[in-house]
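Enquirer: sequence first, predicted model second:
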Amino acid sequence: MRKIKKQKIYLLALLLPFIMFVIGFEIGPLVAMIKNSFYADNGIQVTINQYITIFKSKFYLQAIQNSLVISLFSAVVSVIIAVIAAYSITKFSQKIQNRILMITNMTSNFEGIPLSFSYIILLGNNGLFTLLFSKIGWDVFADFNLYSWTGLILVYVYFQIPLAVMLIYPSYQGIKKQWKEASSLLGGSTSSFWLHIGIPVLLPSIVGTFSILFANAMGAYATAYALVGSNYNLLSLQIASLVASDVALKPQLGSALGVLLAATMIGAMWFNGRMMRRIRRDLK
Amino acid sequence: MKSSLTIHKVIVGLLVIYLLIPLVGTFLFSIAGKWDHTILPESYTMKWYIELFQDERFYDAFRRTLFLIVMSVGLSVVIMLPTIFIITVYFSKWEGLLQAVAMLPYGIPPIVGAVGLIKVYSDGPIQIAGTPWILIGAYFITILPFMYQGIRNSLRTLNAVQLVDAAELLGATKFQAFRTVVFPNIISGILVSTLLSVALLFSEFAFANLLVGGRFETLQIYLADKLNSSGHLTSAIVITYYSMILLLTGTVLKLTFRNEKYPVVSNKKRILSFFRKQYSHKNTTLEGEK
């Protein structure tokens, strides 16, 4: 009996490095951030002023709003494109399907700084397409500015689409051919099949994908940093400049914004879970 | 029926073109000599690549990135393997807690993680903010969800608990059971999550920029710094960097294809399928309680 106990202590000792890393780099910093967000700028007084500052400041509310809008918008557009594209993909032979998915998987790794750079050389002020189109005389891009909201949306949608396709594609495998046959035998048209059977079956995966994409865009930093620097007011860029820039460090305010960002993301995940459970119950 | 297939061909064609244009454009730009008013470059040259491969800064940045990756992925394997093994085999009541801790980083973006890390390590007893050591810690946590899943799934498909019981019945010690029975059987599973982690860390910019920045120039920081200089040279960096990522993910795909017969697996998709399993699991227990 004593031998077993001794063994357990040895085993527990082997867990120590893991516990140290988790406390030191995961739980510890999170707790420190939450605690820090309740301090005044001098780091001594305990106060909720940082949150009041945020909710009274037009500037920070704007940052939050911009981040929410760009995340919602890019997630909605990408999900719609992915639902259509993934359906089209299922129409091909298995071999071609695998090839196409290979391409989406490949391009899903193309994000952050390299992606922004790629868009800059294609569509930036002196970009290939920008120059080419202006020489040909197409003025579709005449008013286009990559370093703006439209540009950001364009790049965000680009890095969301491959991910969305990969997440939604498998759920089409769940829609059986026999269901379509049964539906048409009972007199249903193609549109009524999709309306009453197809889309409800896909819905959990659409909602799940949507919240993943939303969270993905909310937390995105590198892409926006490379593209607009500090010229555009986004939550992630503001947090970065408050905690790690050369001017005007306000770590307490940055912590409060960080808490809000984390809360939004956890909210998205929670919503995802709730929706899934609800939709599943409806199905039964 | 045939006309409807045309529509799908058009849709998929557009998707593929849309996805590949930035890559193809960057690649052409990196080998272009003169290119300003034609659809394709007027002349081709390798001089940007030659220039890049003669740049000491590029090699230094590459070496630093490699150092960070080897350290954090290595540490992760060395620490996570025994941890997950011990908890699944001997302390199974803590499995839920381990899972929660291991999956939490997935919900926290680096930008949020960095805020707390800067706070903890810029003053106080351990001042490592601005040094590569803080990055190794941060990266350990970044790859935690992937390493955890890879190792746990391998242990599960192997029935590690029963195997260890059997080995111990036959007189092996715990360490022997782990080293000779469990470890050889899960290497390939770990290899996949290791390579995924390497690819993930290769493209990590947020932590590197916020925690250390120019004081320890990694590949991504170097790239971000070069954004405003010669476009051709930067294209060459992007293409070189992306080829490395492709090589890594290509190997991952091959390995997973061989092991699991799932041709397409990405980091994020793995995570989603994990969440799905969680929910369905929760559902069944809820219904069981009713």
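Expert: Looks like it came in fine. It should be emphasised that the depicted structure is a prediction, and the values quoted were computed from it without experimental measurement.

Enquirer: which positions in the stretch 51-200 of chain B make contact with chain A?
Expert: Residues of the stretch 51-200 of chain B lying near chain A by C-beta under 8 Å from any C-beta of the partner chain: B:79-80, B:82-83, B:86-87, B:90-91, B:101, B:104-105, B:107-120, B:137-138, B:140-141, B:144, B:174, B:199. All C-beta spots, glycine's among them, are computed from the backbone N, C-alpha and C.

Enquirer: if we go to 7 Å?
Expert: Within the stretch 51-200 of chain B, the positions near chain A by C-beta under 7 Å from any C-beta of the partner chain are B:79-80, B:82-83, B:86, B:90, B:101, B:104-105, B:107-120, B:137-138, B:140-141, B:199.

Enquirer: tell me which of the residues you listed fall in helices.
Expert: If you go by DSSP state H, these have B:79-80, B:82-83, B:86, B:90, B:101, B:104-105, B:107, B:110-120, B:137-138, B:140-141, B:199 in helices.

Enquirer: for residue 28, give me its contacts.
Expert: In the absence of a named chain, chain A is used. residue B:120 (C-beta atoms under 7 Å, 6 or more residues apart in numbering or on different chains).

Enquirer: look at chain B instead
Expert: Residue B:28 touches residue B:41, counting by C-beta under 7 Å, 6+ apart.

Enquirer: okay, and the residue of the stretch 1-150 of chain A at minimum distance from chain B sits in which element?
Expert: For the stretch 1-150 of chain A and chain B, the shortest gap (C-beta to the nearest C-beta) falls at residue A:29, measuring 2.8 Å. Following DSSP states H and E, the helix or strand that holds residue A:29 is helix A:28-36.

Enquirer: again with residue A:145
Expert: Here residue A:145 is assigned to no helix or strand, by DSSP H and E.

Enquirer: number of nearby residues for it?
Expert: 13 (other C-beta atoms under 10 Å in any protein chain shown).

Enquirer: likewise for residue B:5?
Expert: Residue B:5: 12 neighbours (other C-beta under 10 Å).

Enquirer: wait, it sits on residue A:91?
Expert: Yes - in this structure residue B:5 lies within contact range of residue A:91 using C-beta atoms under 7 Å: 6.3 Å.

Enquirer: shouldn't residue A:85 be in contact with residue B:15?
Expert: Yes - with contact defined as C-beta under 7 Å, residue A:85 counts as touching residue B:15 (4.7 Å).

Enquirer: who touches the residue in the stretch 101-250 of chain A positioned nearest to chain B in this structure?
Expert: Across the stretch 101-250 of chain A, the shortest distance to chain B (C-beta to the nearest C-beta) belongs to residue A:219, at 2.7 Å. Residues near residue A:219 by C-beta under 7 Å, 6+ apart: A:236, A:265, B:109, B:111.

Enquirer: look up the closest residue to residue B:192, ignoring the ones flanking it.
Expert: Leaving aside its sequence neighbours, residue B:192 sits nearest to residue B:255 (C-beta to C-beta, 6 or more residues apart in numbering or on different chains; 5.2 Å).

Enquirer: where does the one you found sit, in terms of helix or strand?
Expert: Secondary structure (DSSP H and E) places residue B:255 in helix B:231-260.

Enquirer: check which helices and strands that helix sits against.
Expert: helix A:112-123, helix B:2-30, helix B:47-53, helix B:183-202, helix B:219-226 (3 or more C-beta pairs under 7 Å, 6 or more residues apart in numbering or on different chains; DSSP states H and E).

Enquirer: with distance to residue A:36 and mean pLDDT added, can I get those helices in JSON lines?
Expert: Output for those, formatted as JSON lines (distance: least, C-beta to C-beta, whole Å; pLDDT from 0 to 100):
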{"stretch": "helix A:112-123", "distance to residue A:36": "27", "mean pLDDT": "88"}
{"stretch": "helix B:2-30", "distance to residue A:36": "39", "mean pLDDT": "87"}
{"stretch": "helix B:47-53", "distance to residue A:36": "42", "mean pLDDT": "87"}
{"stretch": "helix B:183-202", "distance to residue A:36": "27", "mean pLDDT": "85"}
{"stretch": "helix B:219-226", "distance to residue A:36": "26", "mean pLDDT": "88"}
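
Enquirer: closest to residue A:192 out of these?
Expert: Closest of the helices and strands packed on helix B:231-260 to residue A:192 is helix B:2-30, at 17.6 Å (criterion: C-beta to C-beta).

Enquirer: okay, now residue A:43: neighbour count?
Expert: Neighbour tally, residue A:43, other C-beta under 10 Å: 11.

Enquirer: assign it to helix, strand or coil.
Expert: Under DSSP: H, G, I helix; E, B strand; the rest coil, residue A:43 falls in the coil class.

Enquirer: got the phi/psi numbers for it?
Expert: For residue A:43, the backbone dihedrals (degrees, to the nearest 10) come out as phi 80, psi 10.

Enquirer: any idea how far it is from residue A:34?
Expert: Per C-beta to C-beta, to the nearest Å, residue A:43 is found 15 Å from residue A:34.

Enquirer: repeat for residue B:197
Expert: Applying C-beta to C-beta, the value for residue B:197 to residue A:34 is 28 Å.

Enquirer: residue A:127 now?
Expert: Between residue A:127 and residue A:34 the distance, using C-beta to C-beta, works out to 43 Å.

Enquirer: go on, residue B:246?
Expert: Taken as C-beta to C-beta, the span from residue B:246 to residue A:34 is 40 Å.

Enquirer: and if you look at residue A:222?
Expert: 25 Å.

Enquirer: so those two - more neighbours on which side?
Expert: The residue with more neighbours, out of residue A:222 and residue A:34, is residue A:222; 24 against 15, by other C-beta under 10 Å.

Enquirer: what's the neighbour count on residue 16?
Expert: Let's take chain A. 11.

Enquirer: hmm, I had chain B in mind actually
Expert: Residue B:16 has 16 nearby residues by other C-beta under 10 Å.

Enquirer: my read: it touches residue A:104, true?
Expert: No - using C-beta under 7 Å, residue B:16 is not in contact with residue A:104; the gap is 8.7 Å.
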